[in-house]
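Colleague: Fold the following for me, if possible:
(one chain, ligands or ions: 1)
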Amino acid sequence: MNKFIKSILLILVISVIAVGCGEKQQPMDLYDSIQQRGKLVVGVEKNIKPFSFSQAEGQQQGFEIDLAKQMAKAILRDENAIEFVFVEPSNRISMLNSGQADMLIATMTITNARKNMVDFSEPYYYAGQTVLVNKMSKIKTFTDLQDKKIGVTFGTTATDGIKSVAPEALVQGYKTYKEAYDALKAGEIDAFSSDDTILMGYVLNDNSVKMLPQKYTQEPYGIAFRKGTESTRTIETVNTALKIMNSNGTMVQLRNKWFK
Ligand code: GLU
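Modeller: Residues are numbered from 1 along each chain as shown. Down below sits the predicted model:
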């Protein structure tokens, strides 16, 4: 091979390598990676009755657990091809984005602010925010909340929601729902603000607390995914599954099973 051809070949090889190195690594399509793994990994709450809770270690159950199984069935044709990882409101988006879960089914409200960070399915449940108070509390309506101390859980929509009804209240953040509930019981705060669905779990287990009957927001719950085209096919599959569940009665059955 003469020197000229050798030089041309060398330049070509270097260019191919350079182009290869310069290319941004595309994340693998989520649907394909779930198929390859043969298992769906879902981020769920640990103890939100009746959405996701357990009576014995390792036996998670609830409305969102059944919903997750339906999604495993839709994506992998096997409702048991699933692994649950526990998330908190304060860490769920970072756990999703770091790849520790394929999706979040975790009483998560679809909001415009969150849509900048994750993609959502269509809503599968509508909750609303209210407050939990001690039964003997003088707080009867949201008007009574002004200048009171109100607990919220970091990373939840209650952090902003409470300001819309009680702008003068002193808002105290807690890492977990349990910490906010314990603070209410200990008298550190006058009220605990969260979704009615979450607060209902405490009311059912403890007759010394009550919920105000009104709600001050609407909270459409959606399944959250990493933002971008890598999730598109999985979101389409999930939305189709939700549509089928709504039309063939499966969703009504699940509601009757868990919310009666
Ligand atoms: N649905 C509310 C939210 O997404 C509160 C419940 C929760 O954080 O799990 O912030």
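
Colleague: Just the buried residues of whatever helix or strand residue 258 lives in, please?
Modeller: Secondary structure assigned from DSSP states H and E places residue 258 in helix 250-259. Buried residues in helix 250-259, counted by 16 or more other C-beta atoms under 10 Å: 250-251, 254, 258. From N, CA and C alone the C-beta is placed, and that goes for glycine too.

Colleague: now stretch 132-139
Modeller: Applying 16+ other C-beta under 10 Å to stretch 132-139 flags 132-134, 137, 139 as buried.

Colleague: Identify the residues contacting that stretch?
Modeller: With contact meaning C-beta atoms under 8 Å, 6 or more residues apart in numbering, stretch 132-139 is reached by 131, 144-145, 148, 181, 184-185, 187, 190-194, 199, 202-203, 207-212.

Colleague: Try it again at 6 Å.
Modeller: By C-beta atoms under 6 Å, 6 or more residues apart in numbering, the surrounding residues in contact with stretch 132-139 are 191-192, 199, 202, 208-211.

Colleague: Go through those and single out the one with the most neighbours.
Modeller: Neighbour tally across the contacts of stretch 132-139 (other C-beta atoms under 10 Å): the maximum, 30 neighbours, falls on residue 192.

Colleague: In a strand, it, correct?
Modeller: Yes: counting by DSSP: H, G, I helix; E, B strand; the rest coil, residue 192 is located in a strand.

Colleague: in the sheet, who's paired with it?
Modeller: In this entry, residue 192 is beta-bridged to residue 132, residue 151, by DSSP bridges.

Colleague: Would you mind confirming that it makes contact with residue 184?
Modeller: Yes: between residue 192 and residue 184 there is a contact under C-beta atoms under 6 Å: 4.6 Å.

Colleague: circling back: quickly name whichever of the buried residues of helix 250-259 is closest to the ligand.
Modeller: Among the buried residues of helix 250-259, residue 258 lies closest to the ligand (C-beta to the nearest ligand atom), at 16.0 Å.

Colleague: This protein against the ligand: which residues are in contact?
Modeller: Within the chain, the positions near the ligand by C-beta under 6 Å from any ligand atom are 89, 106-109, 156-157, 194-195, 198, 219.

Colleague: Show only the entries of those residues found in strands.
Modeller: 194-195, 219 (DSSP state E).

Colleague: what about the helices in the stretch 151-260 of the chain?
Modeller: Ranges of helices in the stretch 151-260 of the chain, per DSSP state H, counting those that start in this stretch, are 158-165, 177-185, 196-205, 232-248, 250-259.

Colleague: any chance of these in TSV, plus distance to residue 45?
Modeller: What follows is those, written out as TSV (distance: least, C-beta to C-beta, whole Å):
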stretch	distance to residue 45
helix 158-165	15
helix 177-185	9
helix 196-205	9
helix 232-248	18
helix 250-259	14
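
Colleague: Alright, I will stop here.
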